[in-house]
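Chemist: Next comes the sequence, and after it the predicted model I'd like to discuss.
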Amino acid sequence: MECSLENGATTELPGQPGAPCIIVIFGASGDLVKRKLIPALYNLTRERLLSREFAVVGFARHEMSHEEFRTKISEAIKEFFTGAIDQELWNWLVNRLYYVSGDLQEPAAYQRLQNVLAEVDKTHGTTGNYLYYLATAPEHFSQIIQQLSTVGLTHEENGNWRRVIIEKPFGHDIDSARTLNREIQKTLKESQIYRIDHYLGKETVQNIMVFRFANGIFEPIWDRRYIDHVQITVAENIGVGQRGGYYDKAGALRDMVPNHIFQLVTLIAMEPPISFDADAVRDEQVKILRAIQTMSPEEVLKYTVRGQYGEGSHNDQRVPGYRSEANVPPNSYTETFVALKMFIDNWRWANVPFYLRTGKRLPCRLTEVAIQFKRAPFVLFRKTAVEDLKPNLLVLHIQPDEGISLNFGAKVPGPLVRLGAVDMEFKYEDYFGRTPSTGHERLLYDCMLGDATLFQRADMVEAGWGVVSTIQDVWKALPSRKFPNYQAGSWGPKESDEMMTRDGREWRKCSG
Ligand code: BG6
């Protein structure tokens, strides 16, 4: 079925370019820079959303001249940018790239950085506005900020600004997140701190708020009276790749749940904010995180499932088990899959289960939120078996196919009253075309404008870790699981399905 929207009808305000500034990227030789940040900056250049007074300074350990850095980045963009590159626009950007080499622990390196920033400021008229992007290993976050502060580079004066984007993971549990917050707040005001979660850069994630609050028809049914349950799936078909070293210390729960998945939960569950101001939105989000019911140890046993993939197949090829991946100990007990059932203790959501699952080496790449409504009373359809009356299902497809679908019952044509399930589908691409985006464009742009709505506040990060820490504590106290317990290419351990079956429900599957 087709929606009857006018194709591409938009209400759009012209974007203003970001403020004059220099973006300083710590960890400039890392993967994130090549794969995401530089392509995102190129996309912003193309959209004319960067100020003419703009430059980038990369900071990393390797010795390199500005010219060598420009060459390296030019090679990377060819490899990682998916669309065609306009040479003139690229030249504009590449001529604004600079580089400083140094050890993150070496105070002299920050003085060198300060000198380069002063020169670049003069050349490009960037007025002393600096955006520091910390794309390093997390153990350096606090120290970088401290060192920047020592040489006066975090100090805002004469109307200029100094902001810091901090990559995930922000801590590894509630205590370390609190400590990190305390340390960085010694030198930075909360308004200078932008804790990034790249899920909030995804168009379809941002669209959750628009879908709920710009349309009057959904809000009245968006609560426990009409909704049976919510399922959130973030499935990946890839394994841990080269990230075994990091991942083995983190595991699926910490890697995905307190950040990306909880962002989805809060956007789905929050009350309408009083405005779209950063704090108004984040106040509502944090209320949800605080309202997530704390699990008792017995509930952790019943409502959480963890798994680790063994050998299996992906695209008809044999793939190794987690324990045979690079930088993973052969006896690792780290989980690569987690499924949870949780409740939000407030009036809107009382007794509505939220089922969450995420994992590596599942059958397909799929991120979606499925909202299942309660069944209609079936008195009118006595001749239809109860199980044939499908409940309405609203699915917000986040990736890879971006869109929204609503599934409902319709009469199958013919002399008998028989019911069939049909889909009303909206696909982003059909209406708005495909816009190449890494997801970081919006976040970088917002930070340049000083809008922190899509970034996490200190209390949000801590509240998210609070939920996860309870689970971790119980898991730690239990004997090790029999890992591996699911085959690469399957939907995780059987206990995950059993958890749903016990509730008379089932996980949605993708065709793989
Ligand atoms: C990262 C996790 O934050 O998100 C990775 O550390 C995961 O393990 C990635 O693969 C998923 O992001 P996306 O955008 O591919 O869904």
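Modeler: That came through fine. Numbering: from 1, shown residues only.

Chemist: Helix or strand: which one has the single nearest residue of the stretch 251-400 of the chain relative to the ligand?
Modeler: The ligand sits closest to Asp255 of the stretch 251-400 of the chain, with a gap of 4.8 Å, by C-beta to the nearest ligand atom. Every residue, glycine included, has its C-beta placed from N, CA and C. For Asp255, the host element (DSSP states H and E) is helix 244-256.

Chemist: Same question for that helix: list its buried residues.
Modeler: If you call a residue buried by 16 or more other C-beta atoms under 10 Å, then helix 244-256 has these buried ones: 244, 247-248, 250-256.

Chemist: Over to stretch 368-381?
Modeler: By neighbour count with 16+ other C-beta under 10 Å, stretch 368-381 contains the buried residues 368-373, 381.

Chemist: do stretch 306-319 as well
Modeler: Counting neighbours by 16+ other C-beta under 10 Å, the buried set in stretch 306-319 is 306-312, 314, 319.

Chemist: Over to stretch 60-72?
Modeler: Under 16+ other C-beta under 10 Å, the buried positions of stretch 60-72 are 60, 64, 66, 69-70, 72.

Chemist: just how off-centre is that stretch within its chain?
Modeler: Averaging C-alpha positions (C-alpha atoms, centre = their mean, to the nearest Å) puts stretch 60-72 30 Å from its chain's average.

Chemist: Then stretch 146-163?
Modeler: The answer for stretch 146-163 is 28 Å, by C-alpha atoms, centre = their mean.

Chemist: Run a quick neighbour tally on the closest residue in space to Pro272 that isn't next to it in sequence.
Modeler: In this structure, Pro272 finds its nearest non-sequential neighbour in Phe213, 5.4 Å apart by C-beta to C-beta, 6 or more residues apart in numbering. Number of residues near Phe213 (other C-beta atoms under 10 Å) recorded here: 14.

Chemist: Can you report phi and psi for Phe213?
Modeler: The phi and psi torsions at Phe213 (degrees, to the nearest 10) take the values phi -100, psi -10.

Chemist: Looking at the buried residues of stretch 368-381, which are in helices?
Modeler: Among the buried residues of stretch 368-381, DSSP state H puts none in helices.

Chemist: can you list those in a markdown table and add distance to the ligand?
Modeler: Shown next, in a markdown table, are those (distance: C-beta to the nearest ligand atom, whole Å):
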| residue | distance to the ligand |
| --- | --- |
| Glu368 | 11 |
| Val369 | 13 |
| Ala370 | 17 |
| Ile371 | 20 |
| Gln372 | 23 |
| Phe373 | 27 |
| Phe381 | 40 |
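
Chemist: In strands only, show me these.
Modeler: Using DSSP state E, the subset of these located in strands is 368-373.

Chemist: from those, which single one is nearest Tyr130?
Modeler: Lowest distance from Tyr130 to those (C-beta to C-beta) belongs to Val369, with 36.9 Å.

Chemist: what sits against the nearest residue to that closest one once chain neighbours are set aside?
Modeler: In this structure, Val369 finds its nearest non-sequential neighbour in Leu396, 4.4 Å apart by C-beta to C-beta, 6+ apart. Applying C-beta atoms under 8 Å, 6 or more residues apart in numbering, one finds that Leu396 lies in contact with 204, 207-208, 211, 368-371, 404.

Chemist: Dump those residues to CSV, plus pLDDT.
Modeler: Formatted as CSV, these follow (pLDDT from 0 to 100):
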residue, pLDDT
Thr204, 90
Asn207, 92
Ile208, 95
Phe211, 94
Glu368, 97
Val369, 98
Ala370, 97
Ile371, 98
Ile404, 95
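
Chemist: can you list the residues of the stretch 101-250 of the chain near the ligand?
Modeler: Where proximity means C-beta under 6 Å from any ligand atom, the interface of the stretch 101-250 of the chain facing the ligand comprises 168, 236.

Chemist: what about 8 Å?
Modeler: Proximity of the stretch 101-250 of the chain to the ligand, by C-beta under 8 Å from any ligand atom, involves residues 168-169, 198-199, 202, 234, 236, 238, 240, 243, 246-247, 250.

Chemist: Put the buried members of those residues into a PyMOL selection.
Modeler: Selection of buried members from those for PyMOL, criterion 16+ other C-beta under 10 Å:
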select buried, resi 168+169+198+199+202+234+236+240+243+247+250
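
Chemist: Near the residue in the stretch 401-512 of the chain that the ligand sits nearest to, how many other residues are there?
Modeler: Using C-beta to the nearest ligand atom, the single residue of the stretch 401-512 of the chain nearest to the ligand is Gly439, 6.5 Å away. When neighbours are defined as other C-beta under 10 Å, Gly439 has 16 of them.

Chemist: what residues are up against Ser51?
Modeler: 17-21, 448.

Chemist: Let's see that with 7 Å instead.
Modeler: Ser51 makes contacts with 17-21, as judged by C-beta atoms under 7 Å, 6 or more residues apart in numbering.

Chemist: Just say helix, strand or coil for it.
Modeler: Secondary structure, DSSP: H, G, I helix; E, B strand; the rest coil: Ser51 is coil.

Chemist: Read off the pLDDT value for it.
Modeler: Ser51 is assigned 96 on the pLDDT scale.

Chemist: Same question for Ala28.
Modeler: pLDDT recorded at Ala28 is 96.

Chemist: gap between it and Gln308?
Modeler: 34 Å (C-beta to C-beta, to the nearest Å).

Chemist: Could you check how many residues crowd around Asn331?
Modeler: 8.

Chemist: Would you enumerate the residues in contact with the nearest residue to it once chain neighbours are set aside?
Modeler: Nearest non-adjacent residue to Asn331, counting by C-beta to C-beta, 6+ apart: Arg323, 7.1 Å away. Arg323 sits next to 330, 332, 484 when contact means C-beta under 7 Å, 6+ apart.
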